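Engineer: Here is the input, now give the coordinates:
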Amino acid sequence: VIKLHAWVFVGAALFSLVTVFLSCNKPGRIAAKVSPVEAVRYTEADCGRKKAKAAKKPASLGRMAWANVGRNRKKTVLVVISLSLAVVLLNLTVMFANGFDMDLYLKHFCVSDFVFANADYFNVQKGFHSSDEAVEDSAMQTVLAQNGVKESGCVYGQTTRVLEKIKKKDMLAYFTSMGHTMTKEQEKGYFNWKEQADDGSYYDDIQLYGMDAFPLQKVKVLKGDVTALDQENAIAAVYKQDDYDKKVDHSNWAGVGDQVTLRYVNSWKYFNAETGKEIPEEEIDSYEGACDVEADDYTQKTYTVVAEILVPSAMNCRYYGSPQFVLGSDTFIKDTGTKDVMHMMFDMKNNQSARAMESFLKNYTEQVEPLYSYESKFSYEKEFDSFRGMFLLLGGVLSGVIAVVGTLNFLNAILTGMIARRREFAVLQSVGMTRHQLKRMLVYEGLLYTFAAIVISLILVVASEPFMGKMIEKMFWFFRFQYTIGPVVLAALIFTVIGAGVPLVVYCVVGKQTIVERLRETE
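Structural biologist: Numbering: from 1, shown residues only. As a prediction, this is how the structure comes out:
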């Protein structure tokens, strides 16, 4: 949504007026003190600069240009810095945008060509919690009936209450790994609601998935073997991963070989923690005191951890609320008594079939079954290009503005210098300098400005890029630093044209008068 606010333009105009007024105030007062005769005879020079000794070497156009550029050092430095700043900023923008790695971006968000699910699954505000959000067999069959599907598989989601037996210290370590801390009072209140086992452990919620063979190929195995999940009592412990695909310590307590006890709960009982009296289930929502909770109707089973894995966010339920575990799909369906498909993921045989599937799913989810949605590599590629293009646009516009300012400074320096030195040019021509030599000298002056700007830009780019690159790598997990000097090379070509062309154009305007007219004008 684009909105225009008048006060922004008014404020910018007032700011510009104040800036120009302050900038012109002091120079205006200084210029007003100069008499007309002195102003007419003025030739640009650096008053604070000591006079150099006469050169022993014969004069040349290059040395004369160098001396002319050095007359007013402040103006020269200003022009060179303004030109250099535009080049450095443009180079950093290109380095920044080109450093974004699409492969890293897609690897994090998209592990298969397509993910198909209920629309609520892709909404982090809703997620997957009930059988109503499961993908129906008819919808899956319709999608898989399209030509070109190479491999597919389902991830089954938990829609019933499942608890794990866990030690208190392991649960507190998990909370810490998630960035949560508890006061002693909060800790006491939390565990008061948890059923305690005979060995002092507690039964707490988990997030449980079932996976077919194809999704299991997409997980990152830290330790163990996920193919062992086809065994009846096998389970995999899921660890959280950060943006750089690194394991977050203590995000799960279980390791390969550990025993995990799970309870599949059908109903509960609640008791007053002080009196032990049972609290009716219909009163529990309004109950404010401490209470104990026990599973009333449940089945319990012990599994052996066969693998420690990282599950990409594109495959899991897309939020972390409890420790996570994965079962093989057959074991999951058997033990939970449910076969709710959280999402279906599949790869295509080639890019052409993937394009056709993209078109089909777009129409299917918008026109036929709007309760469903999908994600694809194509959608994430567009998102990535849009993200990168945003930085290129903003950086390019900013670089362009600064480049215009720098070019205007350069033009101003050349123009004012020529106007102030018209009599000097006339004198040089009167003692033998040809019009062609004068033009060459002015071209050399312009090239000296631009050459200095390119050299300074190159030094700043070489010095700043590694520092900026490492800093950006810490900010964006899908950024890979690589040296970029292409914009500097391009700017060198453009500046060469500007440095040679602007003085010639300006001289054609300023040098229309004859030598005699220019000599008389300043007498």
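
Engineer: all contacts plus neighbour counts: C-alpha atoms, from now on.
Structural biologist: Noted.

Engineer: distance of residue 195 from residue 291?
Structural biologist: From residue 195 across to residue 291, the span is 10 Å (C-alpha to C-alpha, to the nearest Å).

Engineer: Just confirm residue 347 is within a helix.
Structural biologist: No - the assignment for residue 347, made by DSSP: H, G, I helix; E, B strand; the rest coil, is strand rather than a helix.

Engineer: Please say which of residue 195 and residue 291 ends up with more neighbours.
Structural biologist: When neighbours are counted by other C-alpha atoms under 10 Å, residue 195 and residue 291 differ, and residue 291 comes out ahead with 23 against 19.

Engineer: Now do the more buried one against residue 193, distance only.
Structural biologist: According to C-alpha to C-alpha, residue 291 stands 6 Å off from residue 193.

Engineer: likewise residue 374?
Structural biologist: Taking C-alpha to C-alpha as the measure, residue 374 falls 38 Å from residue 193.

Engineer: Tell me how far residue 366 lies from residue 119.
Structural biologist: For residue 366, the distance to residue 119 (C-alpha to C-alpha) stands at 11 Å.

Engineer: ditto for residue 247
Structural biologist: From residue 247 across to residue 119, the span is 29 Å (C-alpha to C-alpha).

Engineer: Run the chain-centre distance for the helix or strand residue 156 falls within.
Structural biologist: Assigned by DSSP states H and E, residue 156 belongs to strand 149-157. Using C-alpha atoms, centre = their mean, to the nearest Å, the mean C-alpha position of strand 149-157 is found 30 Å from that of the whole chain.

Engineer: quick one: strands adjacent to the very next helix or strand once past that strand?
Structural biologist: Per DSSP H and E, the first helix or strand lying C-terminal to strand 149-157 is strand 161-166. Here strand 161-166 has these sheet partners by DSSP bridges: strand 202-205 (antiparallel), strand 259-272 (antiparallel).

Engineer: Which positions in the longest one come out as buried?
Structural biologist: To tie it back to what came earlier, the one meant is strand 259-272. Residues of strand 259-272 classed as buried: 259, 260, 262, 263, 264, 265, 270, 271 (neighbour count, 16 or more other C-alpha atoms under 10 Å).

Engineer: Dump stretch 246-254 to PDB, restricted to CA.
Structural biologist: The C-alpha trace of stretch 246-254 is given here as PDB (Å, rounded to 0.1, in the frame of the first residue of the first chain):
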ATOM      1  CA  LYS A 246      23.400 -26.000  13.400                       C
ATOM      2  CA  LYS A 247      22.100 -28.100  16.200                       C
ATOM      3  CA  VAL A 248      20.700 -26.200  19.200                       C
ATOM      4  CA  ASP A 249      22.100 -28.000  22.300                       C
ATOM      5  CA  HIS A 250      19.600 -29.300  24.900                       C
ATOM      6  CA  SER A 251      16.600 -28.900  22.500                       C
ATOM      7  CA  ASN A 252      16.100 -32.600  23.100                       C
ATOM      8  CA  TRP A 253      17.300 -34.700  25.900                       C
ATOM      9  CA  ALA A 254      17.400 -38.100  24.100                       C
END
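
Engineer: What helices and strands are in contact with the longest strand seen in the chain?
Structural biologist: As assigned by DSSP state E, the longest strand anywhere in the chain is strand 291-310. For strand 291-310, the contact count by 3 or more C-alpha pairs under 8 Å, 6 or more residues apart in numbering; DSSP states H and E identifies strand 195-196, strand 220-224, strand 234-239, strand 259-272 as packing neighbours.
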